[in-house]
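>>> Give me a 3D structure for the following:
(one chain, ligands or ions: 1)
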Amino acid sequence: MLHDTYRHKGMRKKLVAQLVEKGIEDQRVLEAINSIPRHLFMDNAFVNFAYKDQAFPIGADQTISQPYTVAYQSQLLALKGNEKVLEIGTGSGYQASVLLEMGVKVFSIERHRSLHLRAKKQLEGLGYKPKLFFGDGYKGLPTFAPFDRVIITAAAPYIPEDLKQQLKVGGMMVIPLGEGQSQQMQRLVKVSETEFKKEVYGDFSFVPMLEDKSYRS
Ligand code: SAH
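Residues are numbered from 1 along each chain as shown. Below you'll find the predicted structure:
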């Protein structure tokens, strides 16, 4: 059984200080990271690495994103606190927990059943109430659309059309675009039903957003 301890809290404070040094300014994002026990989202074997600013394996060949990446994407979402956010790639559930801690409504899709189930247990165990779905992120969640924000946490080879449609006018999508080793972070602002304004940010490295018909278990 893992607990949150003073030692973990101390390590988290240092991590937050590093994120500030690296340019994260959104206080709500920093406060969320400061209060969430990231070590509880990781395999036992990696618990001592939980507060290093690094990505780590979470099983099923996937990773929990680097804290800086989580902070960066969360900051780009420019949240006030009551938005409806669609996340693609639940993974460990850590990114979702940061958004939940910031007070928004989170809908998140994962294509690996094992990860989906574990994240659900994990987030509910911490007292959050996310809406988690096992399915294909390329399709989004038409039943729950429209969303104020969409955040994609896997490398997208292109901007999925369904996700563009499920965004509100005035809403934003944060998406790491591109195949291969690194992706370009982009923020798309939906300015009308048919037009998007594109903003380009730095390069990041994500596992691929996979497209196939059969889900994994
Ligand atoms: N946000 C996660 C990091 C996820 S890594 C966290 O905080 O831990 C990317 C995740 O996207 C992986 O779990 C992968 O299985 C998932 N993924 C990849 N392609 C997907 C798709 N088409 N639909 C839904 N999830 C997908």
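>>> hang on, Pro67 packs against Ala17?
No. Shown here, Pro67 and Ala17 do not form a contact pair, counting by CB atoms under 8 Å, at 11.7 Å. In this view, the C-beta of every residue, glycine as well, is placed from N, C-alpha and C.
>>> And for Ser182, the neighbour number?
14 (other CB atoms under 10 Å).
>>> pLDDT score for it?
Ser182 is assigned 96 on the pLDDT scale.
>>> cool, and Gln62?
85.
>>> Isn't it up against His112?
Yes. Using CB under 8 Å, Gln62 is in contact with His112, at 6.9 Å.
>>> Okay, the residue nearest the centre of the chain and Ala60: tell me how far apart.
Nearest to the mean C-alpha position of the chain, by CA atoms, centre = their mean, lies Gln95 at 3.7 Å. Gln95 is 16 Å from Ala60, where distance means CB to CB, to the nearest Å.
>>> Skipping adjacent residues, who's closest to the residue nearest to the centre of the chain in space?
If the residues on either side of it in the chain are set aside, Gln95 comes closest to Val70, at 5.1 Å by CB to CB, 6 or more residues apart in numbering.
>>> my read: the one you found touches Ile33, true?
Yes. Using CB under 8 Å, Val70 is in contact with Ile33, at 7.4 Å.
>>> so what sits against both of those two?
Counting by CB atoms under 8 Å, 6 or more residues apart in numbering, the common neighbours of Val70 and Ile33 are Val98.
>>> Which secondary structure elements does whichever helix in the chain runs longest sit against?
The longest helix of the chain (DSSP state H) is helix 6-21. Applying 3 or more CB pairs under 8 Å, 6 or more residues apart in numbering; DSSP states H and E, we find helix 6-21 packed against helix 27-35, helix 67-76.
>>> Neighbouring strands - and their directions - for whatever helix or strand comes next after the first one?
Counting by DSSP states H and E, the next helix or strand C-terminal to helix 27-35 is strand 56-59. According to DSSP bridges, strand 56-59 forms sheet pairs with strand 62-64 (antiparallel).
>>> What residues does this protein have near the ligand?
62-65, 88-89, 91-92, 94-95, 109-112, 115, 136-138, 153-154, 207, 209-211 (CB under 6 Å from any ligand atom).
>>> Mind doing that once more with 5 Å?
Counting by CB under 5 Å from any ligand atom, the chain comes close to the ligand at 62, 64-65, 89, 91-92, 94-95, 109-112, 137, 153-154, 209-210.
>>> Please indicate which of the residues you listed are buried?
62, 64-65, 89, 91-92, 94-95, 109-112, 137, 153-154, 209 (16 or more other CB atoms under 10 Å).
>>> Give me the subset of these lying in strands.
Gln62, Ile64, Ile109, Glu110 (DSSP state E).
>>> just curious, which of these is nearest to Gln181?
Among those, Gln62 lies closest to Gln181 (CB to CB), at 17.0 Å.
>>> what residues are up against the closest one?
So Gln62 contacts Gly91, His112, Leu115, Val207 (CB under 8 Å, 6+ apart).
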